[in-house]
Every structure is written in structure tokens, then in C-alpha cells.
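[1] Sequence first, predicted coordinates after that:
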Amino acid sequence: MSAVADVAETRRTYTVRLELVDEPGELMRALRPVAENGGNLLSVFHERGNLTPRGNIPVEVDLECSPGRFDDIVAGLRDAGVTVTQAGEDGYAEEVTLLLVGHLVDTDLSDTLATVESCSGASVADFSLDAPAGTDEQSSARLRLAVDPPQVSEVLSVVRDVADRKGLQVVEPLVEGER
Amino acid sequence: MKLAVVGAGAVGRSVVRMAGEYGHTVTAVADSSGAAVDSDGLGAEAVLSRKSARGSVGAADPGEALAAEYDALVEATPTTLGDAEPGFSHVRRALDRDRHVVLANKGPVAERYGDVRRLEDESDGEVLFEATVAGAIPVLGTIADYGPAQVTAVRGVLNGTANFILSRMAAEGLDYEHVLAEAQDLGVAEADPAFDVEGTDAALKCVILANVLGDGSYTLADAEVSGIVDIPPSALSLAQEDGRTVRLVGEATPTGIRVGPRLVSMDSPLAVGGTENIVQLETTHAGSLALRGRGAGGDETASAVLADVARLDR
Ligand SMILES: NC(=O)c1ccc[n+]([C@@H]2O[C@H](COP(=O)([O-])OP(=O)(O)OC[C@H]3O[C@@H](n4cnc5c(N)ncnc54)[C@H](OP(=O)(O)O)[C@@H]3O)[C@@H](O)[C@H]2O)c1
């Protein structure tokens, strides 16, 4: 975490994997420490029907917080009796938002997303499509990727390649102040 | 100083009009079809009214302005790619005579920087070109003051026309064609907007910056360029929903020269509105430095030309 400790003010995206017992209200209760410690929930992926070896339900939570608060959030979860199976460095991800423009639907959108997901260290955390003239026409999409920091330029080049191949335009994020 | 002004468009005419106020004398002015020359100094009003009434600044041959008596040649003919003519030959003529050159024309320093520097080395004249990058904003002067070796990268919004179009599209949800027509009516975009909206103009400025910061070997061919023509309003609204916007950003960094539409946070200093420009310098010892202001316009660009003339006069 030393690489991010310097930029205390920037909010980052983190992924935390939890194990919950299958009881009503358990998810709500488990997630309370996130907000209480200054975190913001981005998405919760609840794998119902897929049990962990201990017989619990695995839940993947994407959240955003300043790097300084992340350890407090994990500690808060553990204090509340939640089993945290993965957090910290392994789960740390850099948020990369980009736009795709073109015939997104005609060029097999799910394949485009799957190609991005197939990069090691990258997952699509959020996706929005705007197809004002219907899905046969040009449309735009916003992707928020959670990327393992050392993989960012590799992932962007995969996005560029798939876009090139499908005649799509990529509007990449500007990484300001990079040295 | 005595100035010869070659090119009497928006920039050249403003230089002629403003030179007196800055303490200089204009001894020659040329456009594509004629010239006016007077070693004691031309009257700005007479030259400019002849230009607007008769289409040319004077009856003399344009070449006579290059042969006139002057200390610095102000080169404000159209920016051209490749051989950068006729601007490059004008630069050569002045340097051969050991005269200084102040460029508004980007061609010679974007496409033939090495040739220009070589001619300058053999001459007692000096070449300055503040006006070629971001109009009134003193980017090159700041880099020279800091020392080019202390500036590790430059990025910015360097084309007011493209920025006007993107910011209007985002604010009004209008499509590109509509906003372009509006920009043309307002005189913000040229009848042929290709240079601005396809990113070429911003790329030339980045190439000039890369030449100043690096070994001077860059041309437009080294830049990775894409424009804003294919950005639909839907892309801008998706960006907006997420607290972001799209700007045509130019970068000259150690990894290369790149111009293209990029997602930036709405609170980023780069998210300037309208025709404004901004330039960020990354420095070795002083973090990031931003300069913003008017990147184009006759008087704005002429003020940068006259700042160079003042530097030569010191
Ligand atoms: N406008 C800006 O805001 C701005 C900002 C930064 C840099 N610049 C650069 O500054 C330069 C001038 O810009 P501008 O806006 O003033 O351009 P402009 O309005 O197109 O004017 C160009 C002038 O050059 C003259 N010309 C063309 N060929 C010539 C030749 N062979 N000999 C002598 N004169 C010749 C034209 O003559 P006619 O009048 O007879 O056609 C015209 O007067 C361009 O290189 C531009 O890229 C402009």
C-alpha cells in the first residue's frame, strides 16, 4: 500500500471479498462498517447458490474510499464479525473510466466486454450504454474498470486493440500529473 | 526595433496596429499580392485602410518587404505542412541577412525545426516563436525561464475552436454538425475547420513543444492524432453523469506526442470552457504549473509576437 499512501486525498476503488451466513438482514448488517468508516459502496456481487467450503455465501464488494481509510474499513468489517477473505493489496484496484463510441451493439458488445474482462487484473466494475437512435445505430458506452495498478497500460492497450478491430473509438482517461 | 511584417491577416494586421504602442517601427508589410515599404516607418492606419479598401497593403512587390531595412522579421503567413513554405524561405532570407525572426507561423518550427536551428546557428539573428503555441499564453517564455531540462512533460487544451465545440455540445446536448455551424457563424471556426477539429493544429503545437523540450527532431509525422469529429452528444452526456467531460488534450511527454479526445474530471484544471486554452507543465522540482488564457485571435497572438520582439530588444 505504500504506493498509494502519499495521495491521501484521492479516492480509490477497492474490492473486498466477504463470506456471509445465509440469514435475512446479514448483508445489510455486514456492509454497515463501510459507510461508517467513510467508504462508499459501488457494487455488491452476491453469489447466491455458490457456497464457500465453509458453507457460507461469497460476496464481492467494490467500494471507494481514500487510501488512508481502507484499513479502518477492513478492521470495521472484522470487528462486526464479518469474515473478510480477501482485502488489502491483492484487492486494491485502480479505477479507470473510459468511453467507447461506435456501433457497439452490432459489433458484439458482450464480446467486447469479455475481452476486457479477460485481461489479468481487470474487471468491469460498471457499465452504461447510451444508444439514442436505437441499438442499430452509433452508440456510446461508459466503462468503469477496476484494474490492478501495474496492469493499467496493458489493459488500455487491450481496449485500444479490440476497439480498432471493431472500428470503435475509445476516449481514454487522462492520467494527470504522471511522472 | 524596426519590424518587417510578412502576412497581413488577422495576426499581421494586429502586429502592425499595435507595434507603435510597444515602441517599435514597422518598416515593411507584405501580403500575398503586394507590399508597403518605408525605412522611416509606415503609418499603420494608411497600410490597414489600403488593405481593407483595395485588398493589398501596397503596390510594391511582396518580395520587397523581405529586402527592406528591419531588425526583426515577423512571419505571419499561413501555416503549411511538409516543406513549410513560403514561411521557411522567409526565415532563411532574414537569417542569411543576420536579422532576427519572430514566428506566428507554426510550419517552420513544427515541420523543419532542425533546419531552422541550423540556419540560426550560422546567423547573428535569433528565432523566437512564442505566438506559435497557445496564442497569448507565455508557454515558451515560461519554459525558457524554467529551463527546458526542468520541464518533463507538457499537456493542455491547445485549440479553442475544438474546445468551444466540445463545451457547447456538452452544455446543450447538441450534435457536432449543429455546434460547428454555430461556431462558424460566430467566427470561432473557419469555413474549413479540418485543421482545428481533426487535431492537426493542436498536434503542431505539441510538436513544437516537444522540439523545445527534446532534441528538436520532431515533425507532425511523429504525433499520434485524433480529432473530435466523431464524438456524439451521447458520449458527452455519459461523461457528465459521472462528473467528467471530454476535452481535446495534447501531450508532449517523454513517451511521445499525442492529441486526442480524453476523459477528464469536471474539476480538472484542463476542463476549460469556451475558446479558452490551458497548458500544464510538469517540472522536476516544482510540481505542476498551469497557465491559462486566450489561445488565439489577432490581438492576442500579436501580443505574444511583440513579447518576443521585446525579448530580442533586451
Ligand atoms: N489567428 C490566430 O489566432 C493565430 C494564432 C497563432 C498562430 N497563428 C498563425 O499565424 C499565421 C497568420 O495567421 P492569420 O490568422 O493572420 O492568417 P490569415 O488571416 O490567413 O493571414 C495570412 C496572411 O498571409 C498572407 N500571405 C500568404 N502568402 C503570402 C506570401 N507568399 N507572402 C506574403 N504574404 C502572404 C496572406 O495574404 P492575403 O491577405 O493577400 O491573402 C494573409 O495576409 C498563421 O501561420 C497561423 O497559423 C494564428
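    Looks like it came in fine.

[2] quick one: contacts for residue A:140?
    Going by CB atoms under 8 Å, 6 or more residues apart in numbering or on different chains, residue A:140 touches A:99, A:100, A:101, A:104, A:129, A:130, A:131, B:232, B:234, B:235, B:238. To be clear about C-beta, it is placed using only N, CA and C from the backbone, and glycine gets the same treatment.

[3] Now for those residues, which sits with the most neighbours around it?
    Neighbour counts for these (other CB atoms under 10 Å in any protein chain shown) peak at residue A:99, which has 29 neighbours.

[4] isn't there a helix covering it?
    No - read with DSSP: H, G, I helix; E, B strand; the rest coil, residue A:99 is strand and lies in no helix.

[5] in what helix or strand does the nearest residue to it once chain neighbours are set aside lie?
    In space, not counting the residues next to it along the chain, residue A:99 is nearest to residue A:171; the distance is 3.9 Å by CB to CB, 6 or more residues apart in numbering or on different chains. Take DSSP states H and E as the rule and residue A:171 turns out to sit in strand A:169-173.

[6] Quick check: residue A:125 touching residue A:145?
    Yes - using CB atoms under 8 Å as the test, residue A:125 is close enough to residue A:145 to be in contact (6.4 Å).

[7] list residues touching both of these two?
    In the contact map built from CB under 8 Å, 6+ apart, the residues linked to both residue A:125 and residue A:145 are residue A:95.

[8] quick one: which of these two has more around it?
    A side-by-side neighbour count of residue A:125 and residue A:145, using other CB under 10 Å, places residue A:145 first with 27 against 21.

[9] mind checking the SS state of that one?
    Under the three-state scheme (three-state DSSP), residue A:145 adopts strand.

[10] can you tell me how far it sits from residue A:156?
    Residue A:145 sits 9 Å away from residue A:156 when distances are taken as CB to CB, to the nearest Å.

[11] shared neighbours, the two?
    Residues within reach of residue A:145 and of residue A:156 at once, by CB under 8 Å, 6+ apart, are A:96, A:98.

[12] Would you mind splitting the chain into its domains for me?
    Using chain A. Domain segmentation of chain A under automatic domain parsing yields A:12-91, A:94-171.

[13] ah, I was thinking of chain B
    In the recorded assignment (automatic domain parsing), chain B comprises B:2-135+B:298-313, B:141-294.

[14] The last one and the ligand, are they touching?
    To tie it back to what came earlier, the one meant is domain B:141-294. No - contact of domain B:141-294 with the ligand is not found when judged by CB under 6 Å from any ligand atom; the minimum separation is 7.6 Å.

[15] Is chain A within reach of that domain?
    Yes - in this structure, domain B:141-294 sits against chain A according to CB under 8 Å from any CB of the partner chain; the contacting residues are B:152-153, B:155, B:226, B:230-235, B:237-239, B:241-242, B:244, B:246-247, B:249, B:260-264, B:268, B:270, B:280, B:282, B:287-288.

[16] For stretch B:51-64, measure first residue to last.
    For stretch B:51-64, the first-to-last residue distance is 17 Å (CA to CA, to the nearest Å).

[17] Please name the nearest non-neighbouring residue to whichever residue of the stretch 1-150 of chain B sits closest to the ligand.
    The stretch 1-150 of chain B approaches the ligand most closely through residue B:9 (1.8 Å), counting by CB to the nearest ligand atom. Using CB to CB, 6+ apart and skipping the chain neighbours, the partner closest in space to residue B:9 is residue B:76 (6.5 Å).

[18] Tell me which residues touch the one you found, please.
    The contact partners of residue B:76, taken as CB under 8 Å, 6+ apart, are B:5, B:6, B:7, B:8, B:9, B:11, B:12, B:15, B:104, B:105, B:305.

[19] again with residue B:88
    Residues near residue B:88 by CB under 8 Å, 6+ apart: B:107, B:108, B:112, B:115, B:116.

[20] Confirm the second one sits in a helix?
    Yes - remark: residue B:108 belongs to a helix, assigned using three-state DSSP.

[21] neighbours around it, how many?
    29.

[22] which among the contacts of residue B:88 gets closest to chain A?
    If you rank those by distance to chain A using CB to the nearest CB, residue B:107 comes first, at 27.9 Å.

[23] That closest one: what's its closest spatial neighbour, skipping adjacent residues?
    Of all residues beyond its chain neighbours, the one nearest residue B:107 is residue B:84 (3.4 Å), with distances taken as CB to CB, 6+ apart.

[24] residue contacts, that neighbour?
    With contacts defined as CB under 8 Å, 6+ apart, residue B:84 is in contact with B:105, B:107, B:108, B:110, B:111, B:112.

[25] Tell me if residue A:159 really is in a strand.
    No - counting by three-state DSSP, residue A:159 falls outside a strand, being helix.

[26] close enough to count as contact, it and residue A:97?
    No - between residue A:159 and residue A:97 there is no contact under CB under 8 Å: 11.6 Å.

[27] Quick check on these two: which one has the bigger neighbour count.
    Taking neighbours as other CB under 10 Å, residue A:159 and residue A:97 compare with residue A:159 leading, 23 against 20.

[28] Could you pull out the helices in chain B for me?
    Taking DSSP state H, the helices of chain B run over residues B:10-18, B:44-54, B:63-67, B:87-96, B:107-111, B:113-121, B:139-146, B:160-172, B:176-185, B:194-197, B:200-213, B:233-241, B:298-313.

[29] Quick one: these as TSV, columns for mean pLDDT too.
    Conversion of those to TSV gives the following (pLDDT from 0 to 100):
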stretch	mean pLDDT
helix B:10-18	98
helix B:44-54	97
helix B:63-67	97
helix B:87-96	98
helix B:107-111	98
helix B:113-121	98
helix B:139-146	96
helix B:160-172	97
helix B:176-185	96
helix B:194-197	97
helix B:200-213	98
helix B:233-241	95
helix B:298-313	97
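
[30] Let's have those in TSV, adding distance to residue A:165.
    Output for these, formatted as TSV (distance: least, CB to CB, whole Å):
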stretch	distance to residue A:165
helix B:10-18	44
helix B:44-54	53
helix B:63-67	52
helix B:87-96	40
helix B:107-111	32
helix B:113-121	36
helix B:139-146	38
helix B:160-172	27
helix B:176-185	25
helix B:194-197	25
helix B:200-213	25
helix B:233-241	20
helix B:298-313	42
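
[31] nearest to residue A:41, of these?
    helix B:233-241 (18.1 Å; CB to CB).

[32] So which residues make contact with the closest one?
    Residues from elsewhere that reach helix B:233-241, judged by CB under 8 Å, 6+ apart: A:99, A:101, A:128, A:130-132, A:139-142, A:171, B:166, B:169-170, B:173-175, B:245-246, B:263, B:266.

[33] Which of those residues fall in strands?
    Among the contacts of helix B:233-241, the subset assigned to strands under DSSP state E consists of A:99, A:101, A:128, A:130, A:139, A:140, A:141, A:142, A:171, B:245, B:246, B:263.

[34] just the strands in chain A please.
    With DSSP E as the criterion, chain A has strands at A:12-20, A:40-46, A:57-65, A:83-86, A:92-102, A:122-130, A:139-147, A:169-173.
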